[in-house]
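Q: Predicted model, plus sequence, below.
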2 protein chains.
Amino acid sequence: MAASTLSEVARLAGVSLATASRVLNGSSRKPAEDIAERVRAAADKLGYVPNAQAQALAKSSSGLIGLIVHDIADPYFAAIARGVQDAARQQNRMVLLASTSGASLDEKEAVAAFAARRADSIVIAGSRSVRAEDQQGNAELAAELDRYCRNGGHVGVVGHPIVGASVSEGYHVVKVPNEELAAGLAAELAASHEGAFLIIAGPEGLYTSDDRVRGFQRGLAEAGKPAAEVIRTGFNRAGGYDAGLALADRIKASESRLCIFAVNDVMAIGVTAALRPEGVWIPRDATIAGFDDIETLRDFRPALSTVHLPLEDIGRLAAGDTDTPPVSGVVKLRRSTETPVESQV
Amino acid sequence: MAASTLSEVARLAGVSLATASRVLNGSSRKPAEDIAERVRAAADKLGYVPNAQAQALAKSSSGLIGLIVHDIADPYFAAIARGVQDAARQQNRMVLLASTSGASLDEKEAVAAFAARRADSIVIAGSRSVRAEDQQGNAELAAELDRYCRNGGHVGVVGHPIVGASVSEGYHVVKVPNEELAAGLAAELAASHEGAFLIIAGPEGLYTSDDRVRGFQRGLAEAGKPAAEVIRTGFNRAGGYDAGLALADRIKASESRLCIFAVNDVMAIGVTAALRPEGVWIPRDATIAGFDDIETLRDFRPALSTVHLPLEDIGRLAAGDTDTPPVSGVVKLRRSTETPVESQV
DNA sequence: TTCAGATGGGAAAGCGCATTCCCGTTGCCA
DNA sequence: TGGCAACGGGAATGCGCTTTCCCATCTGAA
């Protein structure tokens, strides 16, 4: 990647480096119009493209914003990424992407790489965990982020603060009221559901999952329902699928309909996918609700009850450098939790 | 973003800048182990993170790879992005993201921004077009890319060469045999479908769309079928939806079943979504096939017939700097094009 | 006419690093 | 023991740009 440089432009225009810089790359000092014109012409002729690396070095600000997700092809993260991208556009920055599969060690490396590139800010999405096996990774990630913040970086976290973060300066969290919303969902479901409830959750220690489980149980309790059984599985479609397989026989054997709450939409989709070939129909034989309202749901049948989260906004907010009030969500009851009527058309 | 610098490390370790650089950032010359140890200790103590900008400036190579997509939240692009990301990981690079909504003017700006950041290579996905209104944008995009290539950049294009590119050095195209595969799809569909065919295509001039239309028609012709009517609409879900709405009455009025080929999966999904509330069932009242085999299809009902494309591989290949043979696809016939049997369970 | 104050261009000093060249050491062979 | 090659560390240069400081020129008021 060689290209023509500012000094070449300056020479061709017969001006100094300083003047050329002032003309081309927005300075507070505006050279005279005739000179400016000459410089622009020269730049155009040479096909000059400013070297952002050099600019970043000179001004010590890179115009980069780092985004860390588990998997960019997961609709949940893709929606957030879209929001981040949008915010970046408005701020005239570019997005640096890192997918980590959720391994905190990879996340740590990504943070280091972003820090090396002197990203102005870092957005980190994806559920945090306090599981024992993530302990060390979390600590290292927190240390890396702390260092980054101490050096003046901004960090936006989606959902839940980084475990073990000790510096407050520079962090900001886009809070998602998972617990309240899950409670709200439970309340609405409890109003129309007679039978038992069951929660398909992620591994214990995942904040997002735990919050939603807790909220849902609270909602049930407040509605005078007994607590739901909790099944732990992977926090993704595959986890939901496994849980669905394990559940199929039980549902078929049962008299009353079960109401299943999967702690996120992709898990709910996985459950449904596993149940379908077993002949278990939703909502006839069991009802199910998810969480997130990912865009994919639009074309998923049966229409999935869920809690709508403004994912794009969340991405946008996380990419901003300021604190924000918690985002709000909305319970969406759809066909997957409808009470089936015998005579339904 | 201030952080400790190499010279601070060098000073603390009591060595020269050169030595510190050699120890920390992999050079061909390896300083003595005791010195190296001292330098590493100093770096660790100061929390030294090399400034990638400065490194890039000094070595004139940024380790960046730019990715241009229409919309990162579209499953098609997300899958490609995943592949690119994967390739970047292996090459120890980072991905710079730009979403452009397909506007070639935005794409041009993205290329310029990547060039400014001295990205080592650029991957550009999303259908090219020769429509009149894109004329100027295309020309400018091509010029920008040409310049980038002349300056030593590598460009990987998915699907179809950039219109108007005049430099060959540095370009490489991941060829997708859209026409052949569409022909293959038509052949297989023709084998079992009696009635008429209809194609829901993107705007005229979109290469990907046009290729698939041409291939499909050819396949029909070779199977001795009359050419299919072609409806033009947007190359996305909304376009498919509109087409579906427009088609509903006609399908309901018709005696024989129509076989619809939507030139990509999201359009097929849109068509189906529009048809469903109208009481048109797939495959009972009409059959439908898409193209791409995006991951979303896994959970879409009725299971959509389509042509499987190795999207992740495509991303990976585009991110490599070498020419590759065309990728291969596979026709997948699924429930959406099954011949309904009256007595079907 | 003179001088203070603007105005605007240019020289030069970095930004943080890689790398080339130079030079003092050491090891080995004759 | 002298001489030469190989080795390893350091000074210095430059990557492409921004920005400070300096200086020449011009303006207007005294």
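A: Ah, there it is. Residues are numbered from 1 along each chain as shown, chains lettered A, B, ... in the order given.
Q: For the rest of this, base every contact and every neighbour count on C-alpha atoms.
A: Fine.
Q: I'd like to know how many residues surround residue A:333.
A: Using other Cα atoms under 10 Å in any protein chain shown, residue A:333 has 17 other residues around it.
Q: Ignore what I typed, I meant residue A:149.
A: The local packing of residue A:149 (other Cα under 10 Å) involves 21 other residues.
Q: check which helix or strand covers it.
A: Using DSSP states H and E, residue A:149 maps to helix A:135-150.
Q: do residue A:77 as well
A: Assigned by DSSP H and E, residue A:77 falls in helix A:75-90.
Q: what sits against residue A:259?
A: Residues near residue A:259 by Cα atoms under 8 Å, 6 or more residues apart in numbering or on different chains: A:193, A:195, A:196, A:197, A:198, A:286, A:287, A:288, A:289, A:337.
Q: same thing but at 7 Å, please
A: A:196, A:197, A:198, A:286, A:287, A:288 (Cα atoms under 7 Å, 6 or more residues apart in numbering or on different chains).
Q: The helix or strand hosting it: partners in the sheet, and parallel or antiparallel?
A: Residue A:259 belongs to strand A:258-262 when elements are defined using DSSP H and E. Sheet pairing of strand A:258-262 (DSSP bridges) gives strand A:197-201 (parallel), strand A:286-289 (parallel).
Q: The last one: which residues count as buried?
A: Spelled out, that is strand A:286-289. Going by neighbour count (16 or more other Cα atoms under 10 Å in any protein chain shown), the buried part of strand A:286-289 is A:286, A:287, A:288, A:289.
Q: so after it, what's the next helix or strand?
A: Under the assignment DSSP H and E, the closest C-terminal helix or strand after strand A:286-289 is strand A:306-308.
Q: If you average the pLDDT over that following strand, what comes out?
A: Averaging pLDDT along strand A:306-308 yields 98.
Q: Whichever helix or strand comes after it near chain B at all?
A: On the C-terminal side of strand A:306-308, the nearest following helix or strand under DSSP H and E is helix A:311-319. No - contact of helix A:311-319 with chain B is not found when judged by Cα under 7 Å from any Cα of the partner chain; the minimum separation is 10.0 Å.
Q: Near residue A:92, how many other residues are there?
A: By other Cα under 10 Å, neighbour count at residue A:92 equals 10.
Q: Please tell me how far it sits from residue A:315.
A: Using Cα to Cα, to the nearest Å, residue A:92 is found at 16 Å from residue A:315.
Q: Skip ahead from the strand holding residue A:259 and say which helix or strand is next.
A: By DSSP H and E, the next helix or strand past strand A:258-262 is helix A:265-275.
Q: what's the closest residue to residue A:171 other than its chain neighbours in contact with, if anything?
A: In this structure, residue A:171 finds its nearest non-sequential neighbour in residue A:155, 4.8 Å apart by Cα to Cα, 6 or more residues apart in numbering or on different chains. Counting by Cα under 7 Å, 6+ apart, residue A:155 makes contact with A:121, A:122, A:123, A:170, A:171, A:172.
Q: centre of the chain versus whatever helix or strand residue A:155 lives in, how much separation?
A: Using DSSP H and E, residue A:155 sits in strand A:154-159. On the basis of Cα atoms, centre = their mean, to the nearest Å, strand A:154-159 sits 10 Å off its chain's mean C-alpha point.
Q: just checking, what packs against the helix holding residue A:149?
A: Judged by 3 or more Cα pairs under 7 Å, 6 or more residues apart in numbering or on different chains; DSSP states H and E, helix A:135-150 is in contact with helix A:104-116.
Q: Indicate the residue of the stretch 201-345 of chain A located nearest to chain B.
A: With Cα to the nearest Cα, the shortest gap between the stretch 201-345 of chain A and chain B falls at residue A:300, namely 6.0 Å.
Q: For residue B:132, see how far away the closest residue to residue A:288 other than its chain neighbours is.
A: Among residues not flanking residue A:288 along the chain, residue A:260 sits closest, at 4.6 Å (Cα to Cα, 6+ apart). From residue A:260 across to residue B:132, the span is 53 Å (Cα to Cα).
Q: and what of residue A:319?
A: Relative to residue B:132, and taking Cα to Cα, residue A:319 is found at 37 Å.
Q: ditto for residue A:332
A: Counting by Cα to Cα, the gap from residue A:332 to residue B:132 is 44 Å.
Q: give me phi/psi at the residue sitting nearest the centre point of chain A?
A: Nearest to the mean C-alpha position of chain A, counting by Cα atoms, centre = their mean, stands residue A:125 at 4.1 Å. Dihedral angles of residue A:125 (phi, psi; degrees, to the nearest 10) stand at phi -110, psi 160.
Q: So it sits against residue A:161, correct?
A: No - contact criterion Cα atoms under 7 Å: residue A:125 and residue A:161 do not qualify, at 10.6 Å.
Q: where in the stretch 51-200 of chain A is pLDDT low?
A: Along the stretch 51-200 of chain A, segments meeting pLDDT under 70 span A:163-165, A:167.
Q: How many neighbouring residues does residue A:105 have?
A: With other Cα under 10 Å as criterion, residue A:105 counts 17.
Q: Surely it touches residue A:135?
A: No - counting by Cα under 7 Å, residue A:105 sits too far from residue A:135 to count as a contact (10.3 Å).
Q: Show me the domain layout of chain A.
A: Domain assignment for chain A by automatic domain parsing gives A:6-50, A:61-175, A:178-309+A:328-337.
Q: can the shortest one be found next to chain B?
A: Yes - on the criterion Cα under 7 Å from any Cα, domain A:6-50 is in touch with chain B at A:49, A:50.
Q: gap between the two ends of that domain?
A: Terminal-residue distance, domain A:6-50 (Cα to Cα): 7 Å.
Q: Is it positioned near DNA strand C?
A: Yes - using Cα under 7 Å from any atom of the strand, we find that domain A:6-50 touches DNA strand C at A:14, A:15, A:16, A:17, A:18, A:19, A:30, A:31, A:32, A:35.
Q: Which two among the residues you listed are spaced furthest apart?
A: The most widely separated members of the residues of domain A:6-50 next to DNA strand C, counting by Cα to Cα, are A:14 and A:30 (17.0 Å).
Q: more crowded one of the two?
A: residue A:14 (15 against 11).
Q: show me the residues around that one that make contact.
A: By Cα under 7 Å, 6+ apart, residue A:14 lies in contact with nothing.
Q: State the pLDDT value of it.
A: 90.
Q: before we move on, what about residue A:340?
A: Confidence score, pLDDT, at residue A:340: 67.
Q: Residue A:260 and residue B:132: which has the busier surroundings?
A: residue A:260 (22 against 10).
Q: Next up, the contacts around the more buried one.
A: Per Cα under 7 Å, 6+ apart, neighbours of residue A:260: A:197, A:198, A:199, A:287, A:288, A:289.
Q: distance of the residue in the stretch 151-300 of chain A that DNA strand C sits nearest to from residue A:108?
A: Proximity of the stretch 151-300 of chain A to DNA strand C (Cα to the nearest atom of the strand) peaks at residue A:151, 10.8 Å away. As judged by Cα to Cα, residue A:151 and residue A:108 stand 16 Å apart.
Q: what about these two, which has more around it?
A: Using other Cα under 10 Å as the criterion, residue A:151 and residue A:108 rank with residue A:108 on top: 22 against 16.
Q: my guess is that one contacts residue A:144, does it?
A: Yes - assessed by Cα under 7 Å, residue A:108 is found in contact with residue A:144 at 6.4 Å.
Q: Surely residue A:233 touches residue A:201?
A: Yes - using Cα under 7 Å as the test, residue A:233 is close enough to residue A:201 to be in contact (6.2 Å).
Q: Of these two, give the one with the bigger neighbour count.
A: Taking other Cα under 10 Å, residue A:233 and residue A:201 do not tie; residue A:201 has more neighbours (27 against 19).
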